[in-house]
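**Student:** okay, sequence plus prediction incoming.
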Amino acid sequence: MTVESEYSPDADRIMAVSLGPQHPGAGHFRIRLWLDGDYVVKALPDAGYVHRGEEKMAEYRNYTQNVPHLERPVILDSSNILFAYSMAVDELMNSKVPPRAQYLRVIMSEINRIISHMYFIAIQGLFLGHTTMITWCMGDRDFWIDLGERIAGARVTFAYIIPGGVRNDIPGFAVEKGLNTCDWFEKRMDEYEKIFFDNPMVHQRSDRVGVLSKEDAIAFGATGTVARASGLALDVRKDEPYSSYSDFEFKTPVLTQGDSWARAYVALLDMRESVKIIRQALKTLPQGPVRLKLGPQPRVPAGEVYSRTEAARGEMSYYIVSDGSPRPYRLKIGVPSGKNLKALPHLLKGVHVADIPVIYWSLNYWPVEADR
Amino acid sequence: MVVAQQQKTGTFQVLVGKIDDVLQYAIGDPLRYLANWGRLYSLWPVHLETACCSVEVGAAAGSRFDIERFGTLEAFGSLRACDLIIVMGTVTRKLAPRLKLIYDQMAEPKWVIAMGACSITGGLYFDSYNVLRGIDDIIPVDVYVPGCPPRAEALIQGIVLLQEKIRRMPTLSGR
Amino acid sequence: MTTAVSNPGTSVAAAPPQPAKPTPPSGAAAAAPSGSPDLGRANSLAAKITSECPAAKIEWVKPRRLKVSVPPAALKEVALFVRDSLGFDHISTVSGVDWIAKNMLEVVYFVGSTSQGQEDFVLALSERMARDSPVVSTMIEVWKGAEYHERETHEMFGINFQGHPDQSHLFLPEDWNDLPPLRKDYVSPGR
């Protein structure tokens, strides 16, 4: 940590400290802290270290060329960010995506949800000093990446969900492998629960740490795991059953504690539901084509669209304005990390310095996604 | 007269050069080899995540690929004790001065791996207003690992190549 | 310790697929999401907003979306109305659009709802202003979470939000001295 030269009305008591961007507790991101002894008086997040101007770039590319660079911000969750984009473009073009493609989109999006949550829980374990969790989760995450690789062909950047359907059909052996992975992973999650979530050390470090009340969650506009850990039953998959989510049976896990532990545990409960959805979808996969022919430079009618999906971190939304040309006139990505970051200064007020990484990471904040 | 003197100094210089060579082979080379061998298998990377390639670094450090078996430790500890920067992807204009600052703070000898297309040429983001087109404008790069993102195996190969480079480093100081 | 409860889902989602209803001409031409309900709810919301604020103009209506354009002076009043009386309390995103041909800038607030049965609806409130003097008032008092998004919109479009506590750079480098990048007359250096 480096002491900043700027600041402070109570200069002799208050110390201004900058956490990041080079700090194990805050990668690609900086939190400016004002500390009174061990307590945080004020915290200001400083984002933008990974701002790559995706929205401006999208205006220079046509709707097909936009696919690869739009998935990069959320490399952990690459299918869900493309899912919302593809839905928006499908809606603009008035195209009817075939049912098999809808199922494959759901399968891939749920696989990505698991991949993203595994990374989340792994790093949460790391920040709590729980080495077992990072070793297990990082290793087990790779089985899901392998499954995705078998379906899509690339390792983490699947680029599988595209406007008009999915890029290729699922190979036969991947269905069997997917079902096996589901069976194995359900047993594995019981072990996570035993070793991590029921661990007294983890409870001591994260229970009642960084509590976000339901009212605050609404006021700040929190979504996804953060909202659901605070008792706010928001899940776009249930609220607005897009694609083929209405065909599957699953629940929306909701906890009421609103602390760091609950925010991590909701992710595990989410993964249980995801496994259920993947299994149902793989077993009842309809036959048929998997993509519509769009051509290299699809013409999109003029209009506006706002589409949203439930990504791993929460509501992922796109606002696309089309003026009838092959390129979007304006493309706005509403990312869940950005929506949840607003709660961070509020949560960090008055906590110990040692609790900062736990609270920060429990928001499931991915700076690359938030900066776009 | 003048010619003879020149010949005399010339022979003296040749003699000194020969002695230097002998000493180099007898003491300097084993010493250099020993020092470089010590550096080789204890590379400490800086914990500086610049963009999305950090996920693949995380996977490489995870239990499946386990980068530690090749002698690269986990990215923790003080900047002053580090000797390797893995630039994990895109470097934006906001991060570029910080990257330079971090590089300057590290002690010699130090090495840089440019991981991913973005840190080599700007990659997909070649026309973005906020992205550097490659990091070699601001810091010297030893090994380039292409890919978007590179697979964990590719990163491991990059580290093995860097170790090969360190083993053949001609001087002790690394310059 | 844990209370895993299922979300009952919205009444619309639970209902069996409805037969296609005759749709109004404007805006409905765009395809609706799968399992789409009718436009009745959106239209009744639109009627409520226009009766509260006659200056509001309905831009488009979709089964689960509604975009209303409001003069900047009246936006706070409408925003308070939709938050308190209609239940749109959950700010989702704020976006800007640069209409360079019309010499206008637009700010769009996308607001969701957390009240039962209305979670699937997203309301878009927009205001337009002249491109050379883009000053509007902030909506932080209505939706606290708008602060972050307005700061981003200020940075990307150069729109001034009066009453906003912190309009310093969020994403761009501290020494940025060019046009706001998402304006249409800013050309990316690589292009």
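**Tutor:** Thanks, I have the structure now. Every value quoted in this text rests on a predicted model; they were computed, and no experiment measured them. Numbering: from 1, shown residues only, chains lettered A, B, ... in the order given.

**Student:** contacts and neighbour counts: CA atoms only from here.
**Tutor:** Will do.

**Student:** next one: stretch A:329-349 to chain centre, how far?
**Tutor:** Between the centre of stretch A:329-349 and the centre of its chain there are 12 Å (CA atoms, centre = their mean, to the nearest Å).

**Student:** look at A:V50 and say how many residues are nearby.
**Tutor:** The local packing of A:V50 (other CA atoms under 10 Å in any protein chain shown) involves 30 other residues.

**Student:** show me which residues of chain B sit near chain A.
**Tutor:** Contacts of chain B with chain A, taken as CA under 8 Å from any CA of the partner chain, map to B:46-52, B:55, B:58-59, B:62-64, B:75-76, B:90-92, B:94-95, B:124-125, B:127-131, B:149, B:151.

**Student:** what sits against A:Y60?
**Tutor:** The contact partners of A:Y60, taken as CA atoms under 8 Å, 6 or more residues apart in numbering or on different chains, are A:R327.

**Student:** now the strand or helix carrying A:A217: buried residues?
**Tutor:** With the criterion set as DSSP states H and E, the secondary-structure element containing A:A217 is helix A:214-220. In terms of neighbour count (16 or more other CA atoms under 10 Å in any protein chain shown), helix A:214-220 has its buried residues at A:214, A:216-220.

**Student:** and what of stretch A:190-210?
**Tutor:** A:192, A:196-197, A:202-203, A:205-207, A:209-210.

**Student:** any chance of these in JSON lines, plus distance to C:K184, secondary structure and pLDDT?
**Tutor:** Output for these, formatted as JSON lines (distance: CA to CA, whole Å; DSSP: H, G, I helix; E, B strand; the rest coil; pLDDT from 0 to 100):
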{"residue": "A:Y192", "distance to C:K184": "50", "secondary structure": "helix", "pLDDT": "90"}
{"residue": "A:F196", "distance to C:K184": "50", "secondary structure": "helix", "pLDDT": "89"}
{"residue": "A:F197", "distance to C:K184": "50", "secondary structure": "helix", "pLDDT": "89"}
{"residue": "A:V202", "distance to C:K184": "50", "secondary structure": "helix", "pLDDT": "88"}
{"residue": "A:H203", "distance to C:K184": "51", "secondary structure": "helix", "pLDDT": "89"}
{"residue": "A:R205", "distance to C:K184": "49", "secondary structure": "helix", "pLDDT": "87"}
{"residue": "A:S206", "distance to C:K184": "47", "secondary structure": "helix", "pLDDT": "86"}
{"residue": "A:D207", "distance to C:K184": "48", "secondary structure": "coil", "pLDDT": "87"}
{"residue": "A:V209", "distance to C:K184": "45", "secondary structure": "coil", "pLDDT": "87"}
{"residue": "A:G210", "distance to C:K184": "41", "secondary structure": "coil", "pLDDT": "85"}
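
**Student:** which ones among the residues you listed also lie next to chain B?
**Tutor:** Filtered for proximity to chain B (CA under 8 Å from any CA), the buried residues of stretch A:190-210 leave an empty set.

**Student:** just the buried members of the residues of chain B next to chain A?
**Tutor:** By neighbour count, with 16+ other CA under 10 Å, those hold B:46-52, B:55, B:58-59, B:62-64, B:75, B:90-92, B:94-95, B:125, B:127-131, B:149, B:151 as buried.

**Student:** for B:D127, report the pLDDT, please.
**Tutor:** Predicted confidence (pLDDT) at B:D127: the value is 86.

**Student:** then the one 5 residues further on?
**Tutor:** Here the pLDDT value assigned to B:L132 is 86.

**Student:** number of residues surrounding B:F12?
**Tutor:** As a measure of burial, B:F12 has 12 neighbours, counting by other CA under 10 Å.

**Student:** that older thread, greatest separation within the buried residues of helix A:214-220: which pair is it?
**Tutor:** Largest separation among the buried residues of helix A:214-220 by CA to CA: A:K214 and A:F220, giving 10.0 Å.

**Student:** neighbours around the residue lying closest to B:A60 once chain neighbours are set aside, how many?
**Tutor:** By the measure of CA to CA, 6 or more residues apart in numbering or on different chains, the closest residue to B:A60 outside its immediate chain neighbours is B:A152, 5.0 Å from it. Summarising burial for B:A152: neighbours were counted as other CA under 10 Å, giving 23.

**Student:** with A:K283 instead?
**Tutor:** For A:K283, the number of neighbouring residues by other CA under 10 Å comes to 12.

**Student:** alright, calling it a day.
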